[in-house]
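J.: from the sequence below, what's the structure:
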Amino acid sequence: MEDYKPDDKVAVNVTNIFGDKFGSFQEGEPIFIKSFMIPKVDTYSFNVENMGNSSVTVETMFTENPEKSKALTDPNSPFNQNIVPLAAAGFMLIIGIIAIIAGIILGVIDWKKNRNQSRYI
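T.: Predicted structure coming up:
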């Protein structure tokens with residue numbers, strides 16, 4: 001729901017063109033995530049009823065079954081084009097920071113070792 005107010009509430013009914021019901025949900029939160037299985041390709045109706053006192057604007061979003069998703073196998077998917085390079089860059093940044101810290105520690109240890117040895121010469 002856009003422009004959510006605490007007293008907003010909606011009821012959502014999902015049916016197909018033959019009247020078969022796939023779910024009925026009531027929600028009073030601004031974000032409502034619900035998943036259900038659709039057995040076959042068909043035309044579906046999402047009836048949204050305002051149960052609150054003020055008018056509401058509702059936005060619906062749909063996605064396919066995540067088990068059949070090709071986000072990880074398709075090289076042109078947004079996941080592979082955006083998230084994977086970002087994760088690789090973050091991993092390399094962490095490795096770089098660890099290498100710098102290790103270099104500083106080894107440098108300080110070597111500097112102290114050389115300083116202590118020069119006292120005896």
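J.: could you identify the longest helix within the protein?
T.: helix 84-118 (DSSP state H).
J.: OK, contacts around the nearest residue to Gly28 once chain neighbours are set aside?
T.: Among residues not flanking Gly28 along the chain, Lys9 sits closest, at 4.2 Å (CB to CB, 6 or more residues apart in numbering). In short, each C-beta sits where N, CA and C put it, glycine included. Lys9 makes contacts with Gln26, Glu27, Gly28, Asn50, Met51, Gly52, as judged by CB atoms under 8 Å, 6 or more residues apart in numbering.
J.: go again with 7 Å.
T.: Gln26, Gly28, Met51, Gly52 (CB atoms under 7 Å, 6 or more residues apart in numbering).
J.: and the gap between the last one and Asp110?
T.: Using CB to CB, to the nearest Å, we find Gly52 at a distance of 70 Å from Asp110.
J.: neighbour-wise, which of those two wins?
T.: Each of Gly52 and Asp110 has its neighbours counted (other CB atoms under 10 Å); Gly52 has more, 14 against 10.
J.: helix/strand/coil for that one?
T.: coil (DSSP: H, G, I helix; E, B strand; the rest coil).
J.: show me what contacts it?
T.: Asp7, Asp8, Lys9.
J.: export those residues to TSV and tack on pLDDT and secondary structure?
T.: Formatted as TSV, those follow (pLDDT from 0 to 100; DSSP: H, G, I helix; E, B strand; the rest coil):
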residue	pLDDT	secondary structure
Asp7	81	coil
Asp8	80	coil
Lys9	83	coil
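J.: any chance of these in TSV, plus distance to Ile95?
T.: Formatted as TSV, the contacts of Gly52 follow (distance: CB to CB, whole Å):
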residue	distance to Ile95
Asp7	51
Asp8	48
Lys9	50
